[in-house]
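**Student:** for reference, the sequence and a predicted model appear below.
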Amino acid sequence: MMMNSSYRPSGGPDLSLLGPPKRRSRLLIVDDQPINIQVLYQVFASEYQVMVATSGPQALEMCRDKSPDLVLLDVQMPGMNGYEVCRQIKADANLRDLPVIFVTVHSDAKEETFGLELGAVDYIAKPFNPAVVRARVKAHLQLKLQGDLLRHLSFIDGLTGVYNRRYFDECCEQEFQRALRNANEIGLLIIDVDFFKRYNDHYGHLAGDEALRQVAAILNMQLKRPGDFVSRFGGEEFACVLPETDLEGARGLAQEVLDAVRMAHIAHASSDVGPFLTISVGCAVMRPQSGRAAAELISAADEQLYLAKSKGRGCVSCVQL
Ligand SMILES: Nc1nc2c(ncn2[C@@H]2O[C@H](COP(=O)(O)OP(=O)(O)OP(=O)(O)O)[C@@H](O)[C@H]2O)c(=O)[nH]1
């Protein structure tokens, strides 16, 4: 599954997803006949946020822009029919998890099988019983929300609550491609806790875990722009992807996170840097061009981290590619 960064809050994952839903579910009704729209609207308007599209292309646009939770899709429409809309939804990595229910007068077994094979979750024949349609939609929405939650959890690091390496790998590549398309710069920080083996040896592994949680929370707080995100890159390493950020901006942020960790005054009696826990930060910035890869940005930030370590730790090292 692709993650769409436009829905990502700054810094870390949206933990509000773990609680009860904060908004009404969004239904998109797609039909070219106003009378059909009206009937379905009346069935659902009191319970859901209902949106309407009257053609296939408009439906696809609304799926991309308005993030509905479920689509009720008429089959027979002039121009692009419902089957084609469904096919395009299922072919789009950002939309393929969106449940589609066909609502149609053409309800023979062959048509129904065809619609389900295209990836629809259900097929409702007209004329329909409103109570049955309501119940079916409710059941499919519950499944959708559970699926969303599971997908979301699969991208979170269990120890620190920030995004995990899997999320980093997908989203760093996605942001890199976006920067390439828009001719923007992109920055990457790779952050490592200094003398962390000694920390574990001195305070114990559980205290080490707690220190990692604290560092993750500090990094989360420092990242304020909607596209920025923190992830756990490895054991005691974190990575921050900074879309649309130049060298000066990335260097400034790197220094801010460094200062914030130091100012948290987490005691580290066996560090050579000072009495408190510190981090080293490798920072790389580039304006991607075709033929270049996100891996280049990652290995450059990693090299800078190595330089920061060799300069004595507790500092930032940056490069513009
Ligand atoms: N408590 C805890 N420790 C971890 C975790 N993941 C990795 N570590 C520890 O982090 C330590 C990293 O050690 P090193 O790679 O030698 O680096 P370092 O001691 O930080 O030394 P420098 O990076 O050179 O400053 C190892 O002892 C790992 O066991 C974790 O999830 N929890």
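**Tutor:** Yep, it's here.

**Student:** my read is that residue 144 contacts residue 69, right?
**Tutor:** Yes - counting by CB atoms under 8 Å, residue 69 is a contact partner of residue 144 at 5.6 Å. C-betas here are computed from N, CA, C, even on glycine.

**Student:** the two: which is more packed in?
**Tutor:** Taking neighbours as other CB atoms under 10 Å, residue 144 and residue 69 compare with residue 69 leading, 21 against 17.

**Student:** pretty sure the more buried one is touching residue 25, no?
**Tutor:** Yes - using CB under 8 Å, residue 69 is in contact with residue 25, at 4.5 Å.

**Student:** joint contacts of these two?
**Tutor:** 141, 145 (CB atoms under 8 Å, 6 or more residues apart in numbering).

**Student:** which residues of the chain lie near the ligand?
**Tutor:** Residues of the chain lying close to the ligand (CB under 6 Å from any ligand atom) are 159, 192-198, 200, 205, 208-209, 212, 235-236, 309, 313.

**Student:** show the contacting residues for residue 82.
**Tutor:** Contacts of residue 82 by CB under 8 Å, 6+ apart are 30, 56, 73, 74, 75, 76, 102, 104, 115.

**Student:** which among those gets closest to the ligand?
**Tutor:** residue 73 (46.2 Å; CB to the nearest ligand atom).

**Student:** now name the helix or strand holding that closest one.
**Tutor:** strand 70-74 (DSSP states H and E).

**Student:** for residue 311, which non-adjacent residue is closest in space?
**Tutor:** In space, and not counting its chain neighbours, residue 311 is closest to residue 317: 6.6 Å by CB to CB, 6 or more residues apart in numbering.

**Student:** next one: residue 28
**Tutor:** Residue 28 sits nearest to residue 68 (CB to CB, 6+ apart), 3.9 Å away.

**Student:** which residues touch that neighbour?
**Tutor:** 26, 27, 28, 51, 62, 98.

**Student:** now it. Its backbone dihedrals?
**Tutor:** Backbone torsions for residue 68, taken as degrees, to the nearest 10, come to phi -70, psi 160.

**Student:** how about the helices of the stretch 201-321 of the chain, start to end?
**Tutor:** Assigned by DSSP state H, counting those that start in this stretch, the helices in the stretch 201-321 of the chain fall at 205-222, 247-263, 294-310.

**Student:** need those in CSV (columns: mean pLDDT, distance to residue 284 and mean neighbour count).
**Tutor:** Shown next, in CSV, are those (pLDDT from 0 to 100; distance: least, CB to CB, whole Å; neighbours: other CB atoms under 10 Å):
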stretch, mean pLDDT, distance to residue 284, mean neighbour count
helix 205-222, 96, 17, 18
helix 247-263, 96, 8, 18
helix 294-310, 97, 4, 18
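
**Student:** and residue 171, which of these is closest to it?
**Tutor:** Distance to residue 171, taken as CB to CB, is lowest for helix 294-310 among the helices of the stretch 201-321 of the chain, at 10.0 Å.

**Student:** give the other helices and strands that the closest one contacts.
**Tutor:** On a contact count with 3 or more CB pairs under 8 Å, 6 or more residues apart in numbering; DSSP states H and E, helix 294-310 meets helix 165-182, strand 186-193, strand 279-286, strand 316-320.

**Student:** and the longest one, which residues are buried?
**Tutor:** So the one you mean is helix 165-182. Across helix 165-182, burial judged by 16 or more other CB atoms under 10 Å covers 167, 168, 171, 172, 173, 174, 175, 176, 178, 179, 180.

**Student:** with pLDDT added, can I get those in JSON lines?
**Tutor:** Compiled in JSON lines, the buried residues of helix 165-182 are given as follows (pLDDT from 0 to 100):
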{"residue": "167", "pLDDT": "94"}
{"residue": "168", "pLDDT": "95"}
{"residue": "171", "pLDDT": "91"}
{"residue": "172", "pLDDT": "94"}
{"residue": "173", "pLDDT": "92"}
{"residue": "174", "pLDDT": "89"}
{"residue": "175", "pLDDT": "93"}
{"residue": "176", "pLDDT": "94"}
{"residue": "178", "pLDDT": "91"}
{"residue": "179", "pLDDT": "94"}
{"residue": "180", "pLDDT": "93"}
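
**Student:** going by distance to the ligand, which of the residues you listed wins?
**Tutor:** Proximity of the buried residues of helix 165-182 to the ligand (CB to the nearest ligand atom) peaks at residue 168, which lies at 15.7 Å.

**Student:** my read: that closest one touches residue 238, true?
**Tutor:** No - using CB under 8 Å, residue 168 is not in contact with residue 238, being 9.5 Å away.

**Student:** what bridges to the closest residue to residue 179 other than its chain neighbours?
**Tutor:** Closest residue in space to residue 179, ignoring its immediate chain neighbours: residue 186 at 4.1 Å, by CB to CB, 6+ apart. Per DSSP bridges, residues listed as beta-bridge partners of residue 186: residue 243, residue 286.
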